[in-house]
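S.K.: Kindly return the folded structure for what I paste below:
(one chain, ligands or ions: 1)
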Amino acid sequence: MIDLRSDTVTQPSAAMREAMAQAPVGDDVYGEDPTVNRLEEMAAALLEKEAALFVPSGVMANQLSIRVHTQPGDEVIVESTSHIIRYEGGSASSLSQVQLCCVPGDRGLLSPDQVAAAIRPSDVHNPSTTLLCLEQTHNSGGGSVYPLAKIEGLTGLAQEHGLTLHLDGARLFNATVATGVAAAEYAKGFDTICFCLSKGLGAPVGSLIGSTRWRIAKLRRLRKMFGGAMRQAGILAAAGVYALEHNIPRLKEDHDNAKHLALLLQQIPTVFVDPDKVETNIVVFEVVRPGRSTQELLHCFKQAGVLLNSVGERMFRAVTHLDVSAQDIEEAGKILSNVLAA
Ligand code: TLP
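M.R.: Down below sits the predicted model:
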């Protein structure tokens, strides 16, 4: 089975498991886990932030960040198809009691004009717009990369209006590898920035949030409150240390594989895809063949040996990752072509 549902499906390698088995550990709630401390220091250094916090998931990283920046009743600007609005179970409204102002972007990317129009004027009737959240790379946008200049425009605008800024950088390193821009450059204007270890970097668990020392202290308390403080978490953090040391540059292979898959898909008459828009490891494509439902198509692909996710009516997402080789991509292209010709 060629599993292209997500880069979250990656298995920890033998070397990563070995690093986990050997990790020195302690009780992280007491701040005594040397491997967690090491991972947090590595993340802070990569992001050039004062400190970082290890949390169990990307959703928790986003939700803790929203909580730390807002008061109940505030409004948070997000892109309409962002992970925060689509895939986090409505948690911003239940855990932080904020409302989300959804602005539709171009492949997930917002412009400063759009954000400026969404910021509420100060008026007793209006919610206070206090936070802008961006996503790098943009998942539903098809792995699109926010150019640094655009980020700088948005962070500058938000700062002028007194907004705080959070970056959901679940796939931040896909952006750094695609563009050559350092993670710290992208991180600069953000008050909090998170990235995931459990996607293309191949670790089984975990995300990191980078910020100032005082905000990380607040986030640490909130993490406890949200039930995300862990004990001998070094066993998990060791996988993260390994991932940061070994698995960043190889993301380029995933990007090459995604581009190649898009080129193969483009040759199928019933598929619409633009390979020029594939910048990182996500390929979103449309099947324009009427007659079979999205679920039926997913089932047929699976029967033939390829797992995909749907992201809309006859819209599919294929994500490349470290457990998928160039040969698997050739094979997947053939399988999808045969299924759609049948
Ligand atoms: N994305 C998952 C699903 O939840 C959709 C995937 O398969 O792509 N931010 C972004 C941009 C993400 O893509 C994800 C996961 C998260 C946050 C949440 O990370 P986890 O799953 O660790 O909570």
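S.K.: OK, now which residue of the stretch 101-250 of the chain is nearest to the ligand?
M.R.: As assessed by Cβ to the nearest ligand atom, the ligand sits closest to residue 170 within the stretch 101-250 of the chain, at 3.4 Å. C-beta here means a position set from N, CA and C on the backbone, and glycine is covered the same way.
S.K.: neighbours of that residue, just the number please.
M.R.: Neighbours of residue 170 under the rule other Cβ atoms under 10 Å: 28.
S.K.: so it touches residue 87, yeah?
M.R.: No. With contact defined as Cβ atoms under 8 Å, residue 170 does not count as touching residue 87 (10.4 Å).
S.K.: rewinding a little: need the contact list for the residue of the stretch 101-250 of the chain closest to the ligand.
M.R.: By Cβ atoms under 8 Å, 6 or more residues apart in numbering, the contact set of residue 170 is 58, 83, 135, 139, 194-196, 199, 207.
S.K.: Show me which residues of the protein are close to the ligand?
M.R.: 6, 8, 57-59, 62, 83, 87, 135, 139, 168, 170, 196, 198, 207 (Cβ under 6 Å from any ligand atom).
S.K.: ok, of those residues, which one's closest to residue 297?
M.R.: Checking the residues of the chain next to the ligand against residue 297 with Cβ to Cβ, the nearest one is residue 6 at 17.8 Å.
S.K.: burial count for the closest one?
M.R.: 18.
S.K.: Could you check which residue of this structure lies nearest the ligand?
M.R.: Distance from the ligand to each residue of the chain (Cβ to the nearest ligand atom) is smallest for residue 58, at 2.4 Å.
S.K.: So that residue versus residue 26, what's the distance?
M.R.: Remark: distance between residue 58 and residue 26 (Cβ to Cβ, to the nearest Å) = 25 Å.
S.K.: For residue 49, see how far away residue 89 is.
M.R.: Look at residue 89 and residue 49: by Cβ to Cβ, they are 28 Å apart.
S.K.: Show me which of the two is the more surrounded one.
M.R.: Remark: of residue 89 and residue 49, residue 49 carries more neighbours, 24 against 10, as counted by other Cβ under 10 Å.
S.K.: What separation do you get for that one and residue 208?
M.R.: Remark: distance between residue 49 and residue 208 (Cβ to Cβ) = 10 Å.
S.K.: domain ranges for this structure?
M.R.: For the chain, the structural domains run 8-246, 250-341, going by automatic domain parsing.
S.K.: out of those, nearest to residue 2?
M.R.: The closest of the domains of the chain to residue 2 is domain 250-341. By Cβ to Cβ, the value is 4.8 Å.
S.K.: More neighbours: which of residue 58 and residue 26?
M.R.: Per other Cβ under 10 Å, whichever of residue 58 and residue 26 has more neighbours is residue 58, with 24 against 17.
S.K.: can you pull the contacts of that one?
M.R.: Counting by Cβ under 8 Å, 6+ apart, residue 58 touches 83, 168, 170, 194, 196, 198-199, 207.
S.K.: again, only using 7 Å
M.R.: 170, 194, 196, 207 (Cβ atoms under 7 Å, 6 or more residues apart in numbering).
S.K.: ok, so what distance separates the closest residue to the last one other than its chain neighbours from residue 328?
M.R.: Read it as residue 207. Leaving aside its sequence neighbours, residue 207 sits nearest to residue 61 (Cβ to Cβ, 6 or more residues apart in numbering; 4.2 Å). Using Cβ to Cβ, residue 61 is found at 30 Å from residue 328.
S.K.: Which of those two has more residues huddled nearby?
M.R.: Set residue 61 next to residue 328 and count neighbours by other Cβ under 10 Å: residue 61 wins out with 30 against 19.
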